[in-house]
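[1] Okay, predicted coordinates and the sequence, questions at the end:
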Amino acid sequence: MARVLVVDDDERIRRLVTDLLTANAHTVTSASDGAEAVLKAQEERPDVILMDVFMPKMDGYAALEAIKKEEATKKIPVVMVTAIGHDLNKKLAEGLGSSGYITKPFSAREVLDTVARLA
C-alpha cells in the first residue's frame with residue numbers, strides 16, 4: 001500500500017485522514033504546516049502527499065512549489081485538500097504542479113480513490 005504524507009494545520013483533519021488511510025493499510029506520516037511538509041517530503045519520500053492550502057509558516061501553494069522545484073521530490077504527486085473550491089484556486093494548484101484537488105468536506109471514498117489512483 002501507499003506511504004502518504006498528510007499535511008493540515010487542523011489536528012482533527014490530520015487524525016481523521018490518518019485513521020482512514022491506516023484502516024485501509026496505508027502508512028501515514030503527518031505535518032502541521034507547509035515548511036514541515038517540505039522537510040518530511042525530502043526525508044521520507046512518500047508516494048502521495050495530501051496537503052491543505054491555508055496553513056501557518058508556509059501555505060500549501062508555497063510548499064507545493066518548493067516540493068516541485070526539488071529534484072528529489074518533484075515527482076511525488078501532491079493533492080491539495082481544502083475548503084476553497086473556486087476554479088481559480090484549482091487552476092493555481094494545477095499550474096504549480098498539483099496532481100489533484102479535493103474540496104472539504106470530502107468523502108472517505110474520494111480520498112481513498114485519489115490515493116489509489118496516484119500511488
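    That came in fine, so what should we check first?
[2] where does Asp9 land in three-state SS?
    Following DSSP: H, G, I helix; E, B strand; the rest coil, Asp9 is assigned to coil.
[3] I meant to write Glu94 there.
    What three-state DSSP gives for Glu94 is helix.
[4] gap between it and Met80?
    9 Å (CB to CB, to the nearest Å). Quick note: C-beta positions are derived from backbone N, CA and C, even for glycine.
[5] Would you mind listing the buried residues in stretch 86-97?
    Neighbour counts over stretch 86-97 (16 or more other CB atoms under 10 Å) mark Asn89, Lys90, Leu92, Ala93, Leu96, Gly97 as buried.
[6] Tell me where this structure has helices.
    11-23, 34-44, 60-69, 87-95, 108-118 (DSSP state H).
[7] Comparing these by mean pLDDT, which bottoms out?
    The minimum mean pLDDT among these belongs to helix 87-95 (a mean of 93).
[8] check contacts around the most centrally placed residue in the chain.
    Centroid-nearest residue in the chain: Leu50, 1.7 Å away (criterion: CA atoms, centre = their mean). Taking CB atoms under 8 Å, 6 or more residues apart in numbering, we find Leu50 in contact with Val4, Leu5, Val6, Val7, Val17, Val79, Val81, Ile102, Val111, Thr114, Val115.
[9] so Ser32 makes contact with Arg12?
    No: applying CB atoms under 8 Å as the test, Ser32 and Arg12 come out as separate, 11.9 Å apart.
[10] Between these two, which has more neighbouring residues?
    Between Ser32 and Arg12, Ser32 has the larger neighbour count (other CB atoms under 10 Å), namely 18 against 8.
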